[in-house]
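> Structure of the sequence below:
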Amino acid sequence: MEKKIYNVRDAIPDTPNGFYETVEDSLQAVCGQKKQARRSFSGPRLKKKWLLPLVAAAVLLVSGTALATGLWLRDNYSPSSYMQETKEEREQKEKTIPDVEKAIESAGPKTGAYRIIMLPEFENAEEQDQWRVSMGQPKYSEEDWGWVRDIHPEIAEVLIDGRTLNFNIRLNTDHAQAFQWLDGEGQRVDALVDNLSFRKEGDSMSAPLFISGSGINPNMVTATGATLNGDVILDQQEVAFPTEGRVELTVEIGLRDARVDDMASIGIVGKLFYTFSFDVAAGSDVAPAQIAERKLSGSAVLTVDDWSDPDKPRMYNQRVSLDEVALKEEIRYRQTGIYVTYTVQKAPADWTETMKSSLLYPNREGTWHGLYIQYRIGQEGEWLPCGHENHGNFGENVVILPIFPSEYEKAKQEGVYLRLAEYYGTALNGEPIGEDWKMVLGAGAMSLDFTVEGQEIGVFQLPMP
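Okay, the predicted model is just below:
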């Protein structure tokens, strides 16, 4: 398989139990200084989704002929990426997928009550104003920021897929240009979800939701308002999220002066408290789940990230036999795609949990070590990359196939296949490394070029309903 070079500093996780997500188009990319960023999933909440504008994935409506030949144009599809453009933009660019649009429509969001408080009403107003002055900005004044009180929120779209909840809130305002803060002129405002809670309609008790990402996407700012996007990983919540009926969400949005801090972690000038409701039925399975055991065979080289000793994290190669390894394959058929989850069901007695997780480590496009999964339609179709969501559950690999209920019959006729390949490190800075290579990770490792090579470990046909 093709060798690829990857920079270690962009891939070493921040914490031993974390995974990363590469943000493909950051603010630095827009400015001509492309910089890769990643998220750690070790913390309860990730504040900033839009480090700058994210470009929506190429999610195109495909004809029956294209389905039959496997020539799909849906690389990197995910419900989150689908929501990175407004419905009007999707329609204009012919990027709509009818099944996904149906899921969005079935949520039936309804706007509710809201209120806005400004910085002088905060308990720590004086401290916040001191931050502004220390960052070279004037103190809060009603003359500058009074317009924020007139922002009118309205829920635009909700998409729930059973694992992830995505929502777009429209912030209607005559000062929308302030949210186009990439220009750097005048006021530069950002909005982040600071707190989120839910309750089932009719219940009096609410529970917290941990937000995985939120922010204003400058690409979705118009003359009359800005769109705040939020996504929530539902299967990582302390309280189980409802699977039927209508749910009411209450969102606390911090409106921030980005001139005080361009990452918008401080500089709050106002808080918007907004409630909306929606139906969760679209996240239900459209067909019974399928579970299978997939036995592996032969051998493969694992590149293991060993963080058992946080003071001396190691990375090493080790050739292992796969003859006693079996993966559990769980397939969920949803309105938003086919979700396939792999976990290690059986492994040799001497395998550590670190080895198991390294085998499954999510690998996008063969750029790092771990399990790279592709799909195709038909035995002669082209292998295509699967989509991903921002889950990062330790010890599993989840991919999304952009195959939707209205296409099941054609896909069933052609056959749907998954190809699993294990990637491992073969060189550092162009110098070959062997199967017994070991390295203690330190500051010097952050600037090394890492070359990887893949080995196919299994091809499986998926059952279709």
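> Now Leu296. Nearest residue, chain neighbours left out?
In space, Leu296 comes closest to Leu322 once its chain neighbours are excluded; the distance is 4.0 Å by CB to CB, 6 or more residues apart in numbering. No exception for glycine: its C-beta is placed from N, CA and C like everyone else's.
> Sorry, slip of the keys, the one I care about is Asn317.
When the adjacent residues along the chain are set aside, Asn317 lies closest to Trp437, with 4.6 Å between them (CB to CB, 6+ apart).
> show me what contacts that neighbour?
Applying CB atoms under 8 Å, 6 or more residues apart in numbering, we find Trp437 in contact with Tyr316, Asn317, Gly425.
> Can you list the helices and strands that the helix or strand the first one falls within packs against?
Secondary structure from DSSP states H and E places Tyr316 in strand 314-321. Secondary-structure packing of strand 314-321 (3 or more CB pairs under 8 Å, 6 or more residues apart in numbering; DSSP states H and E): strand 299-306, strand 416-428, strand 438-440.
> ok, now with 6 Å
On a contact count with 3 or more CB pairs under 6 Å, 6 or more residues apart in numbering; DSSP states H and E, strand 314-321 meets strand 299-306, strand 438-440.
> Same list (these) but as JSON lines, adding distance to Pro402, mean pLDDT and mean neighbour count.
Conversion of the helices and strands packed on strand 314-321 to JSON lines gives the following (distance: least, CB to CB, whole Å; pLDDT from 0 to 100; neighbours: other CB atoms under 10 Å):
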{"stretch": "strand 299-306", "distance to Pro402": "28", "mean pLDDT": "92", "mean neighbour count": "20"}
{"stretch": "strand 438-440", "distance to Pro402": "38", "mean pLDDT": "84", "mean neighbour count": "15"}
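> Let's have these in a markdown table, adding distance to Gln455.
Putting the helices and strands packed on strand 314-321 into a markdown table (distance: least, CB to CB, whole Å) gives the following:
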| stretch | distance to Gln455 |
| --- | --- |
| strand 299-306 | 5 |
| strand 438-440 | 20 |
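> closest one to Asp235 among the ones you listed?
Closest approach to Asp235 among those (CB to CB): strand 299-306, 23.2 Å.
> any idea how far that closest one is from the chain center?
Taking CA atoms, centre = their mean, to the nearest Å, one finds strand 299-306 lying 25 Å from the centre of the chain it belongs to.
> Tell me which residues are up against it.
By CB atoms under 6 Å, 6 or more residues apart in numbering, the surrounding residues in contact with strand 299-306 are 314-322, 354-355, 358-359, 369, 422, 424-425, 435, 455, 457.
> Please, a PyMOL command that selects the buried ones among the residues you listed?
Filtering the contacts of strand 299-306 down to the buried ones (16 or more other CB atoms under 10 Å) takes a single PyMOL command:
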select buried, resi 315+316+317+318+320+322+354+355+358+359+369+422+424+425+457
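> mean confidence score for the helix or strand hosting Val340?
Secondary-structure element containing Val340, defined by DSSP H and E: strand 337-346. Regarding strand 337-346, the rounded mean pLDDT is 96.
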